[in-house]
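A.B. asks: this one's sequence-less:
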């Protein structure tokens, strides 16, 4: 296929060519993969600036999306690539293969650097979903930092650079520029741009931005950063977001309230404990969805309010395919049982075969876990996504929605439907996602490319 880039794609490719260290913040659907491959091809065989490229990506994206994009276009189809996944033996064979581009999933970064026994001689590194390196405490971050000085070019790609707070940016830019812009140490970054917020004595639980710090951060990274929103450059379908509220019975509400108040909920079927706030949040989200894991791993069913609402929404779709996002395994099990009872065809949209069948319209109800949504193009199979249970992760939330709300969507409107249990943590998560989105939008706008 002949590649006919949009002007913004030409601009982004030139930016990569001109900046050995670059942060490319592109909305889903803007084509960051082909933009990067086009730059790689020129750097390899026109400019001869590099000879060996390592691409780090989510597992499915590494296995499917990058190879597919390389093969797809006339000007890149001749590039030799090797995918470093599978067993240790298979990964070693892939590393020894003769190729221009080597593609590894991010979970294998530590193995590649520290355990493969192979020299790290890649002179260009592309990090797809740079936000997955936002924590400097992860093994993948520490391993990559060990070899970062050996690469002359490092490119970071993501649509969600600061999915939680601007504190996330430090680790990402530490990888890109070795600390030139935001400092070499997280403590220094905090001291320069943040103030303690919630504290208990000398223990700081959270930080807040200093007055004017947001603009100073944007100014610091602006020279190697471009950002683009899909709505600015592509004819996007309208996105309609709606909440369908459900309400628990008085008895079900009491169970929820006891859990929230006491952190311990004792029922005849078992005991559930929540030792800390994170655990409590997890338990409350499960309860809001209608079931919860007990301490012995069994599933305790609490209510069917969301299942009933999901059934109503699927029936209202009147045969139109819908994508249902779930979070917990017991959600998947209960949803599957309800769909089977309804006589509605369904399948997990996770394998290559199921993705193809979804896009052919052969799956009436597709079930998807947000963590498996990176890099999947599902816009051909439907235009409605129903969130059975929400996630705290803005990145996963946006990425999952973007499987349908993207360029190439046939319908004029994409519907994002949330099922919210009233009076529960669901409402807090929805507000938190909205708040994080507002902060991220400010970041994107601040460094938006002037084309």
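C.D. replies: In hand now; what should we look at? Remember, it's a predicted structure, so these values are computed and weren't measured experimentally. Numbers count the residues shown, from 1 in each chain.

A.B. asks: Let me see the ranges of the strands in the stretch 1-150 of the chain.
C.D. replies: Along the stretch 1-150 of the chain, the stretches classed as strands by DSSP state E, counting those that start in this stretch are 21-26, 53-57, 81-84, 101-105, 124-128.

A.B. asks: Show me what the shortest one is packed up against.
C.D. replies: If I follow you right, that is strand 81-84. The contact analysis (3 or more C-beta pairs under 8 Å, 6 or more residues apart in numbering; DSSP states H and E) places strand 81-84 against helix 66-72, helix 88-96, strand 101-105. Any C-beta I mention is one placed from the backbone N, CA and C, and that applies to glycine too.

A.B. asks: Mind checking the strands of the stretch 1-150 of the chain for the one nearest to residue 171?
C.D. replies: Set against residue 171 and scored by C-beta to C-beta, the strands of the stretch 1-150 of the chain come closest in strand 124-128, at 11.3 Å.

A.B. asks: average pLDDT across that closest one?
C.D. replies: The pLDDT scores in strand 124-128 average 97.

A.B. asks: Pull the residues that contact that strand.
C.D. replies: 32-33, 36, 40, 43, 50, 52-58, 61, 66, 133, 144, 148, 151-158, 175 (C-beta atoms under 8 Å, 6 or more residues apart in numbering).

A.B. asks: So which of these are in helices?
C.D. replies: If you go by DSSP state H, the contacts of strand 124-128 have 32-33, 36, 40, 43, 66, 144, 175 in helices.

A.B. asks: returning to what we had before: can you add distance to residue 311 and mean neighbour count and give the strands of the stretch 1-150 of the chain back as a markdown table?
C.D. replies: A markdown table is the format used below for the strands of the stretch 1-150 of the chain (distance: least, C-beta to C-beta, whole Å; neighbours: other C-beta atoms under 10 Å):
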| stretch | distance to residue 311 | mean neighbour count |
| --- | --- | --- |
| strand 21-26 | 37 | 25 |
| strand 53-57 | 37 | 26 |
| strand 81-84 | 41 | 21 |
| strand 101-105 | 37 | 23 |
| strand 124-128 | 37 | 24 |
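
A.B. asks: Format those as a markdown table; extra columns: distance to residue 117.
C.D. replies: Below are the strands of the stretch 1-150 of the chain laid out as a markdown table (distance: least, C-beta to C-beta, whole Å):
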| stretch | distance to residue 117 |
| --- | --- |
| strand 21-26 | 29 |
| strand 53-57 | 16 |
| strand 81-84 | 13 |
| strand 101-105 | 15 |
| strand 124-128 | 19 |
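
A.B. asks: Do you know the pLDDT at the closest residue in space to residue 322 that isn't next to it in sequence?
C.D. replies: Using C-beta to C-beta, 6 or more residues apart in numbering and skipping residues adjacent in sequence, the residue nearest residue 322 is residue 384, 4.6 Å away. According to the prediction, residue 384 has pLDDT 91.

A.B. asks: I'd guess residue 183 is in a helix, am I close?
C.D. replies: No: assigned with DSSP: H, G, I helix; E, B strand; the rest coil, residue 183 falls outside any helix and is coil.

A.B. asks: Touching, it and residue 189? I think so.
C.D. replies: Yes: Residue 183 is within contact range of residue 189, at 4.8 Å (criterion: C-beta atoms under 8 Å).

A.B. asks: anything in contact with each of the two?
C.D. replies: Jointly contacting residue 183 and residue 189 under the rule C-beta under 8 Å, 6+ apart are residue 170.

A.B. asks: Which of these two has more residues huddled nearby?
C.D. replies: Remark: of residue 183 and residue 189, residue 189 carries more neighbours, 23 against 18, as counted by other C-beta atoms under 10 Å.

A.B. asks: what sits against the more buried one?
C.D. replies: Taking C-beta under 8 Å, 6+ apart, one finds 167, 170, 182-183 in contact with residue 189.

A.B. asks: ok, now residue 238?
C.D. replies: Applying C-beta under 8 Å, 6+ apart, the residues near residue 238 are 412-414.

A.B. asks: Just the buried residues from these, in PyMOL please.
C.D. replies: To isolate the buried members of those in PyMOL, using 16 or more other C-beta atoms under 10 Å:
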select buried, resi 414
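
A.B. asks: between the contacts of residue 238, which is nearest residue 259?
C.D. replies: So of the contacts of residue 238, ranked by how close each gets to residue 259 (C-beta to C-beta), first place is residue 414, at 35.1 Å.

A.B. asks: how about that closest one, phi and psi?
C.D. replies: Dihedral pair for residue 414: phi -110, psi 130, per degrees, to the nearest 10.

A.B. asks: For it, which residues count as its bridge partners?
C.D. replies: residue 239 (DSSP bridges).

A.B. asks: For it, which residues are in contact?
C.D. replies: 237-240, 383-385, 401, 404-405.

A.B. asks: run the last query once more with 7 Å
C.D. replies: For residue 414, the contacting residues are 237, 239, 383, 404-405, by C-beta atoms under 7 Å, 6 or more residues apart in numbering.

A.B. asks: Which of the residues you listed fall in helices?
C.D. replies: Using DSSP H, none of the contacts of residue 414 sit in helices.

A.B. asks: Filter those down to the ones in strands?
C.D. replies: With strands taken from DSSP state E, the overlap with the contacts of residue 414 comprises residue 239.

A.B. asks: any chance of the contacts of residue 414 in a markdown table, plus distance to residue 301?
C.D. replies: Listed next are the contacts of residue 414 as a markdown table, based on distance: C-beta to C-beta, whole Å:
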| residue | distance to residue 301 |
| --- | --- |
| 237 | 37 |
| 239 | 34 |
| 383 | 32 |
| 404 | 30 |
| 405 | 33 |
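
A.B. asks: wait, which of the contacts of residue 414 is closest to residue 291?
C.D. replies: residue 404 (26.8 Å).

A.B. asks: what's the helix or strand for residue 432?
C.D. replies: If you go by DSSP states H and E, residue 432 is part of helix 425-446.

A.B. asks: my bad, should have said residue 244
C.D. replies: strand 238-246.

A.B. asks: List the buried residues of that strand.
C.D. replies: Neighbour counts over strand 238-246 (16+ other C-beta under 10 Å) mark 239, 246 as buried.

A.B. asks: so what's residue 122 closest to, chain neighbours aside?
C.D. replies: Closest to residue 122 by C-beta to C-beta, 6+ apart is residue 54, at 3.9 Å.

A.B. asks: who's in contact with stretch 23-35?
C.D. replies: 3, 9, 12-13, 16, 65-66, 69, 73, 130, 155-159, 161, 176, 221, 224-230, 233-234, 399, 402, 406-407, 444.

A.B. asks: make it 6 Å
C.D. replies: Stretch 23-35 has contacts (C-beta atoms under 6 Å, 6 or more residues apart in numbering) with 9, 12-13, 69, 156-157, 159, 161, 176, 224-225, 227-230, 402, 406-407.

A.B. asks: Residue 19 and residue 118: what is the separation?
C.D. replies: 28 Å (C-beta to C-beta, to the nearest Å).

A.B. asks: got it, and residue 307?
C.D. replies: Counting by C-beta to C-beta - residue 307 and residue 118 are separated by 50 Å.
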